Structure formats: structure tokens, C-alpha cells
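In: here are the coordinates; sequence isn't available:
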């Protein structure tokens, strides 16, 4: 009898607890949306003061809304949770290599022309294209303006996304981008190579000379814009990206880079050899360039790499150690 009574009490308490969780969650969502509307009203006024036309503000924000899913995506980025092997294997694989080589064969004249003009290897462009959108198959379906507005309202990187949103509004104002085509990633990236608004402003090119910059529908514009981006940030054609290495001795912590934000302690290869750093495949490490040591997983025995200046340029595209390794790995696989 007592057991039955206690069981009933337990079920009642569980029901009320679940009910409270649902109520709190629902209330949080309502409050977030109400606060978002308040923030949006203030942002519109600020954009107007900063030179965006009322017409663009009306058009751009006509259907804007708070996207709770965007916040969830922001907190669960694969760069934060996947180890290096898992991350790289998902992105640099035989299927992508085959597709890349097929696309290169079909568009060889364009790829060669872009490489010769911007001094960026076609394999790097193919690798970026493949990893960013699976060669244009997954450019994203999120409402970019709502995504940027949501992330601007959120506090984690408010200044960055607020600036990106303002840049996008000015691009619309200048008729450089059609607001009706603004669907992309949850983070506000757009087109074949997932350009953020600031990248569109700085690097996008009308390469096919039709008086429009089309980063989704025009492969010419997309490739040239990506090549212009990589070239402009200092890529050096023909130089290596990284060597995968083994650490045969204990390396002092000060020589190990664990974050993509700052890469430091670059040494000549001969000095790394003296510290017990050898090529992963046992072959000789041959270059006179300085390199830095990274351990993306931050654990003893985990994948280690000596990275060069070209690798660091990829980090300016996407500030993730694993992303940089993936791009250079896929490029090497395509080249072989």
C-alpha cells in the first residue's frame, strides 16, 4: 500500500516537474522573441543613421524573425566537438576527390585561367569549394538576414555579426546583391564558397562581365572571387601548407600551438629535427621555410603538424585548425 502511494506521489511530482520545465522553456522563448523585437527596432534606427536607406531597411527586415535554431547551431559547431581524424576524414575523402577531378576536367579552361591570374592553385580552390558546400550542392537554405539578425541579437559575438549585417544592408543598398537570393548558412554565409558579407564587399568579382556578382549561379564569379580572396590575404603559390609529423621527444608547451587565433614559435625545420620532430611517413622533411607546431586535439599522441605560412592564410578564411588541415589535405589528394 505504501509502495503504491509513493509511486503515485512520484508520478505526480514528475508530471509537475516536466510541466514546469515546459512552461519555463516556453516563457524563455517568448521573452527572447519579445526582446529580439526591441533590439531589432533599435538596430533599424542605428542602420538608418549609418547610411542605410529606409527602402532597404523595409525590404530587408520585412520577414525577419528570431531563429532559435541558429543559436543551437552556433553552440554545436563540429570544430568544437569532433577530433581531428573524424573532422578531416568527413571532409577530405575519395568521393570528393573524384567529384573535384570531374569538375576540373569539365571546367579546365576556367580553372587554369583563374589560377594563372590570381596565382592560387586550382586544387586549393576545389578543396575549399568541396568542403564549404560540397561543390555547390549545399549552399544553405537559411534566411541570411534572419540568421545575422539573430546572431547580432545574441551576445556571444554580437559586434562581429552586427557589423556583418550592416555590411549586407549596404550591399543591398548599392544594388550589388539581390535580397531575394539571400539564403545560405545559419551563420550568414552565402554562395558556392560561403562568403560572409564583409568578404563579398572586399573580394567578390564580376568575372564573367555581366554586370552582376553572382556567387551562387556563376562558377566564373565564384571561383575568381575565392581566388581573389586567397591571393589578397597572402597565399604563395607553390609553397607547402603543412607536414604531418611525429614527436619522438617531449616538446615544451611553449612550442605547441593549440589555438587558431595565434600561431607562434616558428622555427626552421633543422631546429624541429633537433627537438625530435620527424615526418609522419618517415621520409625526410625538406624545406627551408619556417614552420610552427600545432596539435589541434591538444593531447599527447594526437595528430601533430608542422604548418607553414600558407596554412595560416587558410585560417584567415576559417579560424579553425581542423578546417585548415582538411582543406590542405583534400587539395593534396586532388593533386596526386
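Out: Received, thanks. What you see is a predicted model, and the numbers here were worked out from it, not measured in a lab. Numbers count the residues shown, from 1 in each chain.

In: can you give me the helices for the stretch 1-150 of the chain?
Out: With helices called from DSSP state H, counting those that start in this stretch, the stretch 1-150 of the chain shows them at 2-49, 54-60, 68-75, 78-81, 84-91, 94-106, 108-118, 122-133, 144-153.

In: Next: the stretch 151-300 of the chain.
Out: Ranges of helices within the stretch 151-300 of the chain are 158-173, 197-203, 219-232, 269-274, based on DSSP H, counting those that start in this stretch.

In: how about the ones you listed, which one is nearest residue 317?
Out: helix 219-232 (7.1 Å; CB to CB). C-beta coordinates here come from the backbone N, C-alpha and C atoms, glycine included.

In: for that closest one, packing partners?
Out: helix 108-118, helix 122-133, helix 197-203, helix 309-317 (3 or more CB pairs under 8 Å, 6 or more residues apart in numbering; DSSP states H and E).

In: returning to what we had before: mind putting the helices of the stretch 1-150 of the chain into a markdown table with distance to residue 172 and mean neighbour count?
Out: A markdown table is the format used below for the helices of the stretch 1-150 of the chain (distance: least, CB to CB, whole Å; neighbours: other CB atoms under 10 Å):
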| stretch | distance to residue 172 | mean neighbour count |
| --- | --- | --- |
| helix 2-49 | 11 | 11 |
| helix 54-60 | 5 | 15 |
| helix 68-75 | 20 | 14 |
| helix 78-81 | 30 | 11 |
| helix 84-91 | 32 | 17 |
| helix 94-106 | 31 | 15 |
| helix 108-118 | 27 | 16 |
| helix 122-133 | 22 | 24 |
| helix 144-153 | 9 | 25 |
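
In: per the record, what domains does this structure have?
Out: Following automatic domain parsing, one gets these domains for the chain: 1-62+69-79+140-190, 242-307.

In: Can you convert the helices and strands packed on helix 219-232 into JSON lines and add a column each for distance to residue 299?
Out: As requested, the helices and strands packed on helix 219-232 are exported to JSON lines (distance: least, CB to CB, whole Å):
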{"stretch": "helix 108-118", "distance to residue 299": "38"}
{"stretch": "helix 122-133", "distance to residue 299": "24"}
{"stretch": "helix 197-203", "distance to residue 299": "33"}
{"stretch": "helix 309-317", "distance to residue 299": "20"}
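
In: Just put the ones you listed in TSV and tack on mean pLDDT and distance to residue 219.
Out: As requested, those are arranged in TSV below (pLDDT from 0 to 100; distance: least, CB to CB, whole Å):
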stretch	mean pLDDT	distance to residue 219
helix 108-118	98	7
helix 122-133	98	9
helix 197-203	97	16
helix 309-317	97	19
